[in-house]
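**Q** quick one, fold the following:
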Amino acid sequence: MSKYLEFNTPASKQAMELASDFRLKNQGLTNLDRVYWNLPEEALYEEAIFRNEGKLVKGGALLVNTGKHTARAAADKFVVKEESTDKDIWWGTYNRPFAHEKWSLLMGRLQAWAQGEELFVQDVYAGADPDYKMPVRIITEKAWHSLFARNMFLTTNNPDELKNFVPQFTVIAVPSFKVDPIIDGTRTDTAIVLNFEQRTAIIANTLYAGEIKKSVFTVLNFLLTYEDVLPMHCSANVGKQGDVALFFGLSGTGKTTLSADPNRRLIGDDEHGWSSQGVFNFEGGCYAKVIRLSAESEPQIYETTHRFGTILENVVFDPISRNIDLEDDSITENTRCSYPIEFIPNVIEEGYVKSHPKNIIFLTCDASGVMPPIARLTPEQAQYHFISGYTSKIAGTEIGLGIEPQITFSACFGAPFMVRHPFEYAEMLKQRILKHKTNVWLVNTGWVGGRFGIGKRISIRHTRNLLNAALDGKLDKVKYRKDKLFGFEIPLTCPEVPEDVLFPENSWGNKDEYWKKYDALAARFIENFKLFENGCPSEVLAAGPKRLSLAK
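**A** Numbers count the residues shown, from 1 in each chain. Next comes the predicted model:
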């Protein structure tokens, strides 16, 4: 809203009713026009529509457009380099250093820019386990971003709790505020800057709401390791026998889809912690890709796209009928919906379980079309593949990605959000796998019968049946073969899955071409792991693939 116009908005009179005594002036934001504190969903809908931030579509969802940024600006993320955390941060591609003195200048310009502005505040929590729950303040320029914060994090409606709320970390999302590469030392006029010393993050010049979610995740990935909690980029669910399953994978590999299983209760769809007591969700909502979502294949998530309270990002709709078109990717391939986790049936309402994972699934979207649909890993192979984090980046999830998936290695299946060195997380994972005798599976949700453009995406029905067999213990009783290059074990049979599916080379027209492609992938694994082999135990190095010439 313009700071030069004076008029009331739908929630003006209720703006201060749920305010914390720890006001924004305590955080350096002064001379503001008006601050809307902890507005509920209905009021934020009214504010967003009144401000022309979004449209109401069939079923009641709020549809918004994020402008030029339809994905994360991964290359524009920085971490302030300061003495208290310097030695513990994995500096490099994903944690670019930002000078401490530059931060002071940036914050000063932001404080000046904010004068006369209207802002929204949500005082929320990250981490469902009461032992690790962190108070987080989300300050936003947009009403719909405030609704996004309510969807994605844990909220309270207790007025006394809100009155006494003091944040341990604050995220300031201001899409109208541009940074300056010359003054600030940034790459562009967009930046995501995290300061662990001052417990503050600034998200400037991007409307893409995923930056808010991932900034909080990045913060937890750093701070929780000091409390002996393993932060994980994974979804999680639990079976009727109390058996927990974790699904690791980058965006687009199937974490949200495969964890939303009607036969299992959902803990969360994207970010979790594994403590000495069990597994807990970091969030209170889900943020799912919806491009080409179908009611038949993914009924639970599809249902949320037609509900009040859901935010649809960059989805195409008919302005007359208000019907949405989930097939249309003309804005972006990375269409998204944000919704409260309770929209999914069979959810664990508490957000945590006091039991440990029986199965871990590493989801890889293999665009080269050579990986088996499922394989069982030893603890050492689990470490190797966790550190490698092989997958393909799916179109639209980051700025600059085209239509064709890009083969990539993302340490811990979430390198952009890992603040410490991957070995720190891998060692914590190994200790837990050994202590709790957890099974680890590598599952390919990518292509079969050839690479992208030649083969086809593996059937989600086959993937679900393979997963169900693994989670139900049915693969414990079948025979396995040892993979010639990677050494992991592949089942020879699986209930309700054609045997031919378990031999990916059979789906290729030319088997020699298959083995050449598979050998080339092994070479890429070996080359990538050279980044991590210094100090890596010999048994983990030995758990990697062998080239075809050596395998023979």
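
**Q** quick check: phi and psi on the residue nearest to Pro498 when sequence neighbours are not counted?
**A** Nearest residue to Pro498 in three dimensions, chain neighbours excluded: His462, at 7.9 Å (C-beta to C-beta, 6 or more residues apart in numbering). Every C-beta, even on glycine, is put in place using the N, C-alpha and C of the backbone. Note on His462: backbone dihedrals following degrees, to the nearest 10 are phi -60, psi -40.

**Q** contacts only, for His462.
**A** Pro373, Val497, Pro498, Val501 (C-beta atoms under 8 Å, 6 or more residues apart in numbering).

**Q** double-check Glu53 against Leu147; I have them as touching.
**A** No - contact criterion C-beta atoms under 8 Å: Glu53 and Leu147 do not qualify, at 9.6 Å.

**Q** between those two, which one's more packed in?
**A** Leu147 (31 against 19; other C-beta atoms under 10 Å).

**Q** sec struct for Lys240, please.
**A** coil (DSSP: H, G, I helix; E, B strand; the rest coil).

**Q** measure it to Asp261 for me?
**A** Going from Lys240 to Asp261 by C-beta to C-beta, to the nearest Å gives 11 Å.

**Q** try Tyr125
**A** Tyr125 is 26 Å from Asp261, by C-beta to C-beta.

**Q** between these two, point out the one with more neighbours.
**A** Using other C-beta under 10 Å as the criterion, Tyr125 and Asp261 rank with Tyr125 on top: 21 against 18.

**Q** hmm, the more buried one is touching Ile138, no?
**A** No - in this structure, Tyr125 is not within contact of Ile138 by C-beta under 8 Å, at 10.9 Å.

**Q** for the stretch 201-350 of the chain, what spans make up the strands?
**A** Using DSSP state E, counting those that start in this stretch, the strands found in the stretch 201-350 of the chain span residues 230-238, 244-248, 265-268, 271-274, 279-281, 285-289, 311-313, 316-317, 324-325, 336-340.

**Q** right, and the ones you listed - which one's nearest Lys213?
**A** strand 285-289 (5.9 Å; C-beta to C-beta).

**Q** just checking: what are the partner strands of that closest one?
**A** According to DSSP bridges, strand 285-289 forms sheet pairs with strand 336-340 (antiparallel).

**Q** how far out from the middle of the chain is the helix or strand following the partner strand?
**A** Using DSSP states H and E, the helix or strand that follows strand 336-340 in sequence is strand 352-353. Taking C-alpha atoms, centre = their mean, to the nearest Å, the mean C-alpha location of strand 352-353 is offset from the chain mean by 19 Å.

**Q** not counting strand 352-353 itself, show me its contacts.
**A** Under C-beta under 8 Å, 6+ apart, the answer for strand 352-353 is Ala128, Asp129, Val238, Gly242, Val244, Ile267, Gly278, Val279, Phe280, Asn281.

**Q** again, only using 7 Å
**A** Residues from elsewhere that reach strand 352-353 (C-beta atoms under 7 Å, 6 or more residues apart in numbering): Ala128, Asp129, Val238, Val244, Ile267, Gly278, Val279, Phe280, Asn281.

**Q** distance to Gln115, neighbour count and pLDDT added to those residues, as CSV?
**A** Formatted as CSV, the contacts of strand 352-353 follow (distance: C-beta to C-beta, whole Å; neighbours: other C-beta atoms under 10 Å; pLDDT from 0 to 100):
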residue, distance to Gln115, neighbour count, pLDDT
Ala128, 37, 25, 98
Asp129, 39, 21, 98
Val238, 49, 21, 96
Val244, 49, 23, 97
Ile267, 43, 27, 96
Gly278, 46, 17, 97
Val279, 44, 29, 98
Phe280, 40, 26, 98
Asn281, 38, 28, 98
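
**Q** would you reformat these as JSON lines and include distance to Glu327?
**A** Shown next, in JSON lines, are these (distance: C-beta to C-beta, whole Å):
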{"residue": "Ala128", "distance to Glu327": "35"}
{"residue": "Asp129", "distance to Glu327": "39"}
{"residue": "Val238", "distance to Glu327": "33"}
{"residue": "Val244", "distance to Glu327": "35"}
{"residue": "Ile267", "distance to Glu327": "31"}
{"residue": "Gly278", "distance to Glu327": "40"}
{"residue": "Val279", "distance to Glu327": "35"}
{"residue": "Phe280", "distance to Glu327": "36"}
{"residue": "Asn281", "distance to Glu327": "31"}
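
**Q** Ile490 sits in which helix or strand?
**A** strand 489-491.

**Q** okay, buried residues for that strand please.
**A** Glu489, Ile490, Pro491 (16 or more other C-beta atoms under 10 Å).

**Q** who are the packing partners of it?
**A** strand 374-377, strand 480-482 (3 or more C-beta pairs under 7 Å, 6 or more residues apart in numbering; DSSP states H and E).

**Q** most tightly surrounded among those?
**A** strand 374-377 (a mean of 23; mean count of other C-beta atoms under 10 Å).

**Q** pull the distance from the helix or strand just after that strand to the chain's centre.
**A** Using DSSP H and E, the helix or strand that follows strand 374-377 in sequence is helix 379-388. Per C-alpha atoms, centre = their mean, the displacement of helix 379-388 from the mean C-alpha position of its chain is 20 Å.

**Q** so what secondary structure elements neighbour the next helix-or-strand element following helix 379-388?
**A** Heading C-terminal from helix 379-388, the first helix or strand you meet, by DSSP H and E, is strand 390-393. On a contact count with 3+ C-beta pairs under 7 Å, 6+ apart, strand 390-393 meets strand 406-409.
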